[in-house]
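*Asks:* Quick one: sequence plus predicted model below, questions after.
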Amino acid sequence: MSKKVAFLQGNEAAAHGALYAGCDFFGGYPITPSTEVAEVMSIELPKIGGKFIQMEDEIGAMAAILGASLAGAKVLTSTSGPGLSLKQELIGYGCIAEIPCVIYNVMRGGPSTGMPTGPSQSDVMCAKWGTHGDHPAICLTPASVQETYEEVIRAFNLSEKYRTPVMVMPDEIVAHMRERIVFPEQGEIEVVPRKSPTVPPEQYKPYDTSFGDVPPLASFGSGYKFHVTGLNKMQDGFPTTKADIVQAEEERQVRKVDANVDDIVTFEEYLLEDADVVVVAYGSTSRSARYAVNIAREQGVKAGMFRIKTFWPFPDKQIKALASKVKGIVIPEMNLGMCSLELERCAQGKVPVLGIFRVDGEPINPDQILEKIKEVK
Amino acid sequence: MAFDYDKWIRPGKLPHIWCPGCGHGIVMKGLIRAMETLKLKKEETAVVSGIGCASRLPGYIDCCTLHTAHGRAAAFATGVKMAKPEMNVILVGGDGDGTAIGGNHFIHACRRNIDMTYIIMNNYIYGMTGGQFSPCTPTGHKASTTPYGNPDPGFDIAKLAIGAGATFVARGTAFHANQIDKLIVEAIQHKGFSVVEILDDCPTTYGRRNKYKSVIEMMNRLKEVAVPVKAAEKMTAEQLQGKVLTGVLYKEESKPEYTAEYAKVIERAKAAK
């Protein structure tokens, strides 16, 4: 049987990916350039008995999905820059209370209202440092419509597996471009279910680390009663200020991601075996980068591309290895230098990191990247 | 036989954090009596709050309890209720949490008429942070941030709820303890968004700045200003000056309830598939 094929926009693909992953609750607020996700979910969710709610604001949307997730739903919200800023407080709530949820954020120009219809990649730091306090961060940056579909599924899986909010951050180009997409069959891509408690209700503790760093999560209305708070908490979910417990719990929350980077971090290596120059790119910018690398090769320059698919946790290990191998790193990005800071950190001064930074709402074209590749001596 | 509150209190969680003389404990007991009267199933009941003294209440109650972020109780609770409409969802919190930082979620929960009950303990002040003025602090009164008297006019929570579309609105006081559970019972039984405002006291951060010599004096004030709705009907405007109506202030049965309406959306979507 031939697979179902469609011509979809990135945002539409994201919605369908969420449905494939079993998403049955969407809470949102209209915002350009992500609104299509909400529109598709409002059509599709009630067909399968799921729930769509348009909340009164971005904060409310984030709150609603966290509440629904605690009641057992698989939840999604979609937003863009200003909305992401508003959601940050409750993203932190999701981190400390360890509530699975997926936040799909389309990167547009900023700060503030910025350029609502212009592409950008300036929210990537917000994904890690946006909410206050130490917390785990997972952020995926797809580069095509097909990949947006698949990465949204992976986001749900990671969110359930590690019991933490996960962000998917396409730039506006990926979110709004239309491409051919091949839908996977049911069962073709693994869908990870939530780890449910195996103990009877009277023994249940929502943060019981005897089950590992990711304790099973019961849901409200399933026979289990428990307490959830945004305060630093003990294993039974109740607040504490005891120094040793707070320290251990915070470290465990971050360790859920840090100890599993090899399971979470994904990337693509393109013509890197003999490369002298590596272009590190993510999102739509990687499409220009690939083109530039091909032209450079035709012109005799040994260029390659390392494409970041998982922005957080950052692929430290891979970049460090590359920095010991190549003569220079080129980073094109639609911000004034965010990923480049991480690359400099990983390169540890061994090789130069040359940035191409654009915030004018125009994509970075291959010529610009090619020019920079040639600057590496 | 004395009422068994322990049945609803989580073992080991008392004493509570509230100051001597605070009315929040009276409201909690009223809520417990109401839940007992209605024979609510603990596992099927979510008690949701925001941040503040009153918002610590859920931690003591042996149900599914959710202590959210400042002002966000109504929005979290909306998610819980939408995902599991069969659950009883009860919100608790204070006046600052509910009508300032949470004001938007509050009015929209009223507008949707989603079947939840919101108990607002109005003590006219931000107590937990040390007594800053809230949207309910009376004009001219003192708070730690209104040292020369409060220039702001206050909210009437009940009128706000009615105006925003809540379909059951009641008011009681911490003094009239025996009325609290009756109002909450009726609110929970009501199909739609119900609001129960309980006029409360904060001797620690409000009373002492506003020349209340004792908790008893604060409680007596609640007794004096409260006028039952029925009694008010026979009173003149002059007699009602400075009084606050108590009892069931508003009830509407005809407005559709939100989760029931969404169930119809699901039916329509499935039919159109």
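*Replies:* Thanks, I have it. Keep in mind the model is a prediction, meaning the values are calculated, not measured.
*Asks:* Show me the residue of the stretch 1-150 of chain B that gets nearest to chain A, please.
*Replies:* Nearest residue of the stretch 1-150 of chain B to chain A: B:Gly79, at 2.8 Å (CB to the nearest CB). Glycine gets a C-beta too; all of them are placed from N, C-alpha and C.
*Asks:* Okay, and that residue sits in which element?
*Replies:* Element membership of B:Gly79 [criterion: DSSP states H and E] is helix B:73-83.
*Asks:* what about the residue of the stretch 1-150 of chain B closest to chain A, how many residues close to it?
*Replies:* For B:Gly79, the tally of surrounding residues (other CB atoms under 10 Å in any protein chain shown) stands at 31.
*Asks:* Correct me if wrong: it contacts A:Ala71.
*Replies:* Yes - counting by CB atoms under 8 Å, A:Ala71 is a contact partner of B:Gly79 at 7.0 Å.
*Asks:* buried sites along stretch A:8-27?
*Replies:* A:8-27 (16 or more other CB atoms under 10 Å in any protein chain shown).
*Asks:* rewinding a little: which helices and strands sit right next to the helix holding B:Gly79?
*Replies:* Packing partners of helix B:73-83 (3 or more CB pairs under 8 Å, 6 or more residues apart in numbering or on different chains; DSSP states H and E): strand A:25-28, strand A:51-54, helix A:58-70, strand B:45-49, strand B:64-67, strand B:88-94, helix B:103-112, helix B:258-272.
*Asks:* what's the neighbour count on A:Pro100?
*Replies:* Per other CB under 10 Å, the neighbour tally for A:Pro100 reads 27.
*Asks:* Flag the shaky bits of chain A, pLDDT-wise.
*Replies:* For chain A, the stretches with pLDDT under 70 are A:1.
*Asks:* which residues sit in contact with the residue in the stretch 251-377 of chain A that chain B sits nearest to?
*Replies:* Closest residue of the stretch 251-377 of chain A to chain B, CB to the nearest CB: A:Gln253 (17.0 Å). Counting by CB atoms under 8 Å, 6 or more residues apart in numbering or on different chains, A:Gln253 makes contact with A:Cys95, A:Ile96, A:Glu98, A:Asp134, A:His135, A:Pro136, A:Thr164.
*Asks:* picking up where we left off before, B:Thr173 is nearest to which of the helices and strands packed on helix B:73-83?
*Replies:* strand B:88-94 (14.9 Å; CB to CB).
*Asks:* ok, what's across the strand from the residue nearest the centre of chain A?
*Replies:* Residue closest to the mean C-alpha point of chain A, counted by CA atoms, centre = their mean, is A:Cys139 at 2.5 Å. Beta-bridge partners of A:Cys139, counted by DSSP bridges, are A:Met167, A:Trp312.
*Asks:* Against A:Ile245, how distant is the residue in the stretch 51-200 of chain A that chain B sits nearest to?
*Replies:* Nearest residue of the stretch 51-200 of chain A to chain B (CB to the nearest CB) works out as A:Gly67 at 2.8 Å. Distance check for A:Gly67 against A:Ile245: by CB to CB, to the nearest Å, it reads 26 Å.
*Asks:* Could you do A:Arg287 as well?
*Replies:* Distance, A:Arg287 to A:Ile245, by CB to CB: 48 Å.
*Asks:* ok, these two, which is more surrounded?
*Replies:* The neighbour comparison of A:Arg287 against A:Ile245 (other CB under 10 Å) goes to A:Arg287, with 19 against 14.
*Asks:* Just the angle for the helix holding B:Gly79 relative to helix B:258-272, thanks.
*Replies:* Helix B:73-83 runs at 40 degrees relative to helix B:258-272, counting by axes from the mean of the first three to the mean of the last three CA atoms, to 10 degrees.
*Asks:* can you tell me the average pLDDT over helix B:73-83?
*Replies:* In this model, helix B:73-83 has an average pLDDT of 98.
*Asks:* Quick one: work out the angle between it and strand B:45-49.
*Replies:* Interaxial angle of helix B:73-83 relative to strand B:45-49 (the same axes, to 10 degrees): 160 degrees.
*Asks:* Please put the alpha-carbon coordinates of helix B:73-83 into PDB.
*Replies:* The C-alpha trace of helix B:73-83 is given here as PDB (Å, rounded to 0.1, in the frame of the first residue of the first chain):
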ATOM      1  CA  ALA B  73      -5.700  28.900  39.300                       C
ATOM      2  CA  ALA B  74      -8.700  29.500  37.100                       C
ATOM      3  CA  ALA B  75      -6.700  28.800  33.900                       C
ATOM      4  CA  PHE B  76      -5.100  25.600  35.200                       C
ATOM      5  CA  ALA B  77      -8.500  24.500  36.600                       C
ATOM      6  CA  THR B  78     -10.000  25.100  33.200                       C
ATOM      7  CA  GLY B  79      -7.500  22.600  31.700                       C
ATOM      8  CA  VAL B  80      -8.300  20.000  34.400                       C
ATOM      9  CA  LYS B  81     -12.100  20.400  33.900                       C
ATOM     10  CA  MET B  82     -11.900  20.300  30.100                       C
ATOM     11  CA  ALA B  83      -9.800  17.200  30.200                       C
END
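*Asks:* So what's the residue count around the spatially closest residue to A:Glu342 that is not a sequence neighbour?
*Replies:* Distances taken as CB to CB, 6 or more residues apart in numbering or on different chains place A:Phe314 nearest to A:Glu342, at 5.1 Å, with adjacent residues excluded. A:Phe314: 21 surrounding residues under other CB under 10 Å.
*Asks:* A:Pro315 now?
*Replies:* Count around A:Pro315 with other CB under 10 Å applied: 23.
*Asks:* Okay, strands next: where are they in chain B?
*Replies:* Applying DSSP state E to chain B gives strands spanning B:45-49, B:64-67, B:88-94, B:117-122, B:125-126, B:132-133, B:168-173, B:194-199, B:226-228, B:244-251.
*Asks:* roughly how far is the fifth one from the heart of the chain?
*Replies:* In this view, strand B:125-126 has its centroid 14 Å away from the chain centroid, taken as CA atoms, centre = their mean, to the nearest Å.
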